[in-house]
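Asks: here is a sequence with its predicted model. Questions after.
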Amino acid sequence: MPDRLARLEAATAQLEPPFALVDLDAFWANAADLERRASPKPIRLASKSVRCRELQGRVLERPGFSGTLAYTLPEALWLAERGFEDLLVAYPTVDRRALCALARLSAERPGARIAVMVDCPAQLDEIEAARARARADAPVRVCIDLDAGLRLLGGRIRIGVKRSPVHTPAQAVALARAVLARDGLALVGIMAYEAQTAGLGDAPPGRPARALALRAIQSLSARELSARRAEAVAAVDALAQLEIVNGGGTGSLQLTAREPAVTEVTAGSGLYAPTLFDAYRSFRPRPAALFALPVVRRPSADVATVLGGGYIASGPAGADRLPRPDLPAGLRLDRQEGAGEVQTPLLGARSARLRVGERVWFRHAKAGELCEHFNTLHLLAGDRIVEEIPTYRGEGQCFL
Ligand SMILES: Cc1ncc(COP(=O)(O)O)c(C=O)c1O
């Protein structure tokens, strides 16, 4: 039996699958590598990519990490109640109840420093209305989301994710002025997340032509964004001194951190290192999150079927969003059935030798989403399980 499998099996012999596990040796090695790539800029932790409060707290104790990039306002409020500070909510919110709670919290506990993302005046109206309803007098912190996409041929070709309409420095200044015109809002930052470089591996396996095209576009896009981001930041900073200029993600840390205008970078996925992060040339994180499923039946001599497994990642549906059987080596999903809600048949050289009752170890495609399927994570250190800690789900929280 290969060493990695032997170590996992020996450490978890007492556990009943299905269960999820985080290999702390890999997790902390990944954290150190993220810090190295981001240095000297601090890393804001993308909580959506971890979804385990206990682990997030421990990561934030490291010197290279500071603050949380939250994914919903209710999540940020929940974390703030539990002592987390400096929370930047990465996506716009129209949750009126949560905005009222934010307005109250901003007055009662300014130290929590929650900021919400905006990219249009309608969102500013929502925040102001909530603030008036809450009768809170402290300003609500807001951050402008600057589109990080690449536009070619006068905007006829657009590369990047469809996020903010604020693309040019002039548009950023116009929105900044709209924020500053409202007494109840404080403009604290600009964020520009370059998904087309940070979240898209430049070494897709078996696709050399796509790899070359991706690299050319990514390098063009990085150069364009660096100049535009610096211009937008300088123009907005002249109106309101910015605390936060955030950019980047696991896949782009070393590039984004180099930009003088950027004060901090974001990362999260690189800690668990799911399969979507296998395809980058500039770094190779160690798989740290795994889940184990039991073989429950053998439909035929060459097929072994495990219980559950249909933990499909979000994004454009395709084979890269499926979980991948990792150990023992020599297993693959069935093209007809994929990973199923209640069972997953496995084929491949090793499947004929799997017995009912044995386990198969999987890796999932996208970081934090694994935690939506498990109440706890078992923590492996060295050769033993040292702890079992709750995921967000395990704490009864489902934010998205
Ligand atoms: C706004 C924003 N910043 C950064 C990231 C990068 O996070 P990760 O390092 O988990 O890929 C994401 C991921 O989607 C994001 O939405």
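Replies: Cool, the structure landed.

Asks: which residue packs closest to the residue of the stretch 151-300 of the chain found nearest the ligand, ignoring adjacent ones?
Replies: The nearest approach of the stretch 151-300 of the chain to the ligand comes at residue 249, 2.7 Å away (Cβ to the nearest ligand atom). (Glycine included, C-beta is placed from N, CA and C.) With sequence-adjacent residues excluded and distances taken as Cβ to Cβ, 6 or more residues apart in numbering, residue 249 is closest to residue 198, at 3.1 Å.

Asks: that neighbour and residue 254 touch, don't they?
Replies: No - look at residue 198 against residue 254 with Cβ atoms under 8 Å: they stay out of range, at 10.9 Å.

Asks: those two - which one has more neighbours?
Replies: residue 198 (23 against 16; other Cβ atoms under 10 Å).

Asks: can you give me the pLDDT of the more buried one?
Replies: On pLDDT, residue 198 comes in at 90.

Asks: using the three-state scheme, assign residue 222.
Replies: When classified by DSSP: H, G, I helix; E, B strand; the rest coil, residue 222 comes out as helix.

Asks: could you measure from it over to residue 288?
Replies: Using Cβ to Cβ, to the nearest Å, one gets 27 Å for the distance from residue 222 to residue 288.

Asks: okay, the two: which has more neighbours?
Replies: Legend: neighbour count by other Cβ under 10 Å for residue 222 and residue 288, higher for residue 288 (24 against 19).

Asks: and the strands in the stretch 101-250 of the chain, which stretches?
Replies: With strands called from DSSP state E, counting those that start in this stretch, the stretch 101-250 of the chain shows them at 114-118, 140-145, 150-152, 157-159, 185-192, 244-247.

Asks: could you give the mean pLDDT of the longest one?
Replies: Which is strand 185-192. For strand 185-192, mean pLDDT is 98.

Asks: do the fourth one as well
Replies: Per-residue pLDDT over strand 157-159 has a mean of 91.

Asks: hmm, who's touching that strand?
Replies: Strand 157-159 is contacted by residues 149, 150, 151, 152, 196, 217, 221 when judged by Cβ atoms under 8 Å, 6 or more residues apart in numbering.

Asks: so residue 149 touches residue 167, yeah?
Replies: Yes - the criterion here is Cβ under 8 Å, and residue 149 meets it with residue 167 at 7.4 Å.

Asks: the ligand contacts on the stretch 151-300 of the chain?
Replies: Neighbours of the ligand within the stretch 151-300 of the chain, by Cβ under 6 Å from any ligand atom: 193, 198, 199, 249, 250, 266, 267, 268, 269, 270.

Asks: tell me the least confident of the residues you listed?
Replies: Comparing those by pLDDT, residue 199 comes last, at 87.

Asks: residue 362: how many residues sit nearby?
Replies: Count around residue 362 with other Cβ under 10 Å applied: 29.

Asks: before we move on, back to that, contacting residues for the residue of the stretch 151-300 of the chain closest to the ligand?
Replies: Listed by Cβ under 8 Å, 6+ apart, the contact partners of residue 249 are 46, 193, 194, 195, 198, 199, 265, 266, 267, 268, 269.

Asks: go on, residue 356?
Replies: By Cβ under 8 Å, 6+ apart, the residues touching residue 356 are 295, 296, 297, 298.

Asks: pretty sure the second one sits against residue 304.
Replies: No - distance between residue 296 and residue 304: 9.0 Å, which falls outside the contact criterion (Cβ under 8 Å).

Asks: quick check: the residue nearest to residue 151 when sequence neighbours are not counted vs residue 46, distance?
Replies: Closest residue to residue 151 apart from its sequence neighbours, by Cβ to Cβ, 6+ apart: residue 158 at 5.5 Å. Computed as Cβ to Cβ, the residue 158 to residue 46 distance reads 24 Å.

Asks: those two: who's more crowded?
Replies: The neighbour count for residue 158 versus residue 46, taken as other Cβ under 10 Å, is higher for residue 46 (24 against 14).

Asks: these two touch, right, that one and residue 271?
Replies: No - look at residue 46 against residue 271 with Cβ under 8 Å: they stay out of range, at 9.2 Å.

Asks: output the contacting helices and strands for the longest strand anywhere in the chain.
Replies: Counting residues, the longest strand found in the chain (DSSP state E) is strand 289-300. Judged by 3 or more Cβ pairs under 8 Å, 6 or more residues apart in numbering; DSSP states H and E, strand 289-300 is in contact with strand 19-23, strand 303-307, strand 343-347, strand 359-363.

Asks: distance from it to the middle of the chain?
Replies: Relative to its chain's centre, strand 289-300 lies at 27 Å (Cα atoms, centre = their mean, to the nearest Å).
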